[in-house]
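1. Generate coordinates for the sequence data below:
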Amino acid sequence: MRSDNIKKGIARTPHRGLLMASGVSKKNMKAPFIGIASSFSDLVPGHVGMRDLERQIEKGIHSGGGQAFIFGVPAVCDGISMGHSGMRYSLPSRDLIADCIETVAEAHQLDGLVLLSNCDKITPGMLIAAMRLNIPAIIVTAGPMLDGESRCEKLSMIKGSFEAVGKFRSGIIDENRLLELEEESCPSAGSCQGMYTANTMACLTEVMGLSLPFCATSSAVSSKKRRIAFESGFRIVELVKDNICPQDIVNRETIRNAIICDLAMGGSTNSFLHILAIANSGNIDITLDDFEELSHKIHQVVKLDPAAEPTMTDFHKAGGVPALLKTLIDANIGITDSLTCCGLKLSELIKDAYVNTNLIHPYNEPFTTKPGLGILYGNLAPDGCVTKISGIDESCYEFEGQAVTFDSEEEAMEALENDKIKPGDIIIIRYEGPKGGPGMREMLAPTSLLVGKGLGTSCALITDGRFSGGTRGICIGHVCPEAANGGPIALIKNGDKIKIDINNRKITLLVSEDELIKRKKEMKPFILKCKSGYLKKYAQNVQDASHGAIAG
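-> Numbers count the residues shown, from 1 in each chain. Down below sits the predicted model:
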């Protein structure tokens, strides 16, 4: 065992003394040492219930014959950090989390890990750490919150709060109704209810085989989630004894399985960043070309909030991830029968899966033959950009308008709040990329305000920043190269015509090449916004979004 490096032999007498000081018995000194990396936080609603799950995992580890050690990692709530300078820390926290887990696991020579996660950047950060360390690991995602409800209206966090702000500003609802929605939209602990980034990544973790069946969809406040936590603790000890590591489970085909499922269920655009970074951490050859190739083939068979009314609760009742996998495997569209952390292959796990075809459509009767997500290329984004096709009204798949440029999210929000945006405008928000932000902020506030104001089908938004998984409307993000690296998005001027063509995956700045060359020569060099601290280090080292915004 790896832990023998800190507990075996005469020379390790001081180490054993310190371990005994932490409560390890002489008998358990011989047991596998299992770390529980917990992102518990009173600040994050998706994580406030983790103290109970920690105990369940710990019980499972000890029942399986292991010795459990809980240690903490940071957690940022994207919803709370949204719309202000705090959002600059969200994406960088992903790499910080991976570094924290690597540091503790290596310094203490842990034999295995249970990674207790839930929200947007925490789950991918833990997956990056698992692949990088390549010691036995299981992910436990804490699960979605209950659906909100007010006046018999079903609510989710996005529709019940962010979009409600736009409705209030447009006079559709009054202040009393706004306050009612605010109070009732998030009724319990858990990740936000729709197919946003947190739940997308939880589902993809299950698809890749690194969490137990139904972990992604079972509610954060359910007894089923507690049982899954216990079983995950028990199972990690078996994985250590059998020496089954993440890279034995996750490979190129496994990650392509995740991309297929992501496209089929219309997940968050952030998954592109995270899948690329996870693949990189395991030295797996996955690029944007894989997304582009598959996005022309895969139909969307699941449609959840924010693109439709059903939530993760409904998805769970319809059969969850096993049902989605069964639908796609039966359709024979390229899902590889891979190993999972259960010790079973996907085909064995989904053999008797229940599928409610009202929510998870048969593959030959999809919601749309278009995938949930797409990659666009063109002279505005030579290295690609992404969009959530499932969140765009089909009448807007071809959209042409005039640019209104802003060099920060705050400037764009001020224009929106003061009714300076009109139908036909394409909002450009630049210098918000991984380096330019720094931190590649999510633009949920402006996109939600657009929808709330009734401009969701008559205006578009293009940014080198990111979008929340809850974003809907004509929204194009992750534009590469970003403005801070001299990308064409930095050259756009007010009034420039732009054409978005979802069907043909094209995005075109309708300005002559000669004019763009002239503008490029006149462009001033970008100066880093942060002069010190973590964000300065991040900005100096981060790669672009087309490579997963990897910091290093």
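2. Quick check on the residue nearest the centre of the chain: phi, psi?
-> Per Cα atoms, centre = their mean, the C-alpha nearest to the average position across the chain is that of residue 197, at 3.5 Å. Main-chain torsions, residue 197, degrees, to the nearest 10: phi -60, psi -50.
3. now the helices: where do they sit in the stretch 51-200 of the chain?
-> 78-81, 90-107, 122-133, 157, 163-169, 175-184, 197-207 (DSSP state H, counting those that start in this stretch).
4. what's the most buried one of these?
-> helix 197-207 (a mean of 30; mean count of other Cβ atoms under 10 Å). Using the backbone N, CA and C atoms, a C-beta is placed for each residue, glycine as well.
5. contacts for it?
-> 46, 78, 118-120, 123-124, 127, 139, 141, 143-144, 191-192, 195, 211-217, 257-258, 261-262, 265, 267-268, 270-271, 274-275, 312, 321, 324-325, 468-469 (Cβ atoms under 8 Å, 6 or more residues apart in numbering).
6. closest one to residue 399 among the helices of the stretch 51-200 of the chain?
-> helix 163-169 (19.8 Å; Cβ to Cβ).
7. one step back: list the ones among the contacts of helix 197-207 that fall in strands.
-> Counted as lying in strands by DSSP state E, out of the contacts of helix 197-207, are 139, 141.
8. re the thing from before, residue 362 is nearest to which of the helices of the stretch 51-200 of the chain?
-> Per Cβ to Cβ, nearest to residue 362 of the helices of the stretch 51-200 of the chain: helix 197-207, 19.0 Å.
9. Please identify the buried residues of the next helix or strand after that closest one?
-> Going down the chain from helix 197-207, the next helix or strand is helix 223-242, by DSSP states H and E. Buried residues in helix 223-242, counted by 16 or more other Cβ atoms under 10 Å: 225-226, 228-241.
10. Which member of these is positioned nearest residue 14?
-> Among these, residue 240 lies closest to residue 14 (Cβ to Cβ), at 24.8 Å.
11. so who does the closest one touch?
-> The contact partners of residue 240, by Cβ under 8 Å, 6+ apart, come to 1, 32, 34, 66, 111, 112, 136.
12. Distance of it relative to residue 138?
-> Residue 240 is 10 Å from residue 138, where distance means Cβ to Cβ, to the nearest Å.
13. got it, and residue 257?
-> 18 Å.
14. which of these two has more neighbours?
-> residue 138 (29 against 25; other Cβ atoms under 10 Å).
15. The more buried one against residue 208, yeah?
-> No - with contact taken as Cβ atoms under 8 Å, residue 138 and residue 208 are classed as non-touching, separated by 11.8 Å.
16. where does the stretch 151-300 of the chain dip in pLDDT?
-> For the stretch 151-300 of the chain, no stretch has pLDDT under 70.
17. rerun at 90
-> The model of the stretch 151-300 of the chain has pLDDT under 90 over residues 153, 158-167, 169-170, 268-269, 292, 295-296.
18. The stretch 301-450 of the chain now?
-> Using pLDDT under 90, the flagged stretches of the stretch 301-450 of the chain are 306-307, 368, 370-373, 388-391, 442-445, 447-449.
19. Which parts of it are helices?
-> 312-317, 320-330, 346-349, 409-417, 444-452.
20. Out of the ones you listed, which gets nearest to residue 279?
-> It's helix 346-349; of the helices of the stretch 301-450 of the chain, that one is closest to residue 279 (Cβ to Cβ) at 18.9 Å.
21. buried stuff in that closest one?
-> By neighbour count on 16+ other Cβ under 10 Å, the buried set for helix 346-349 is 346, 349.
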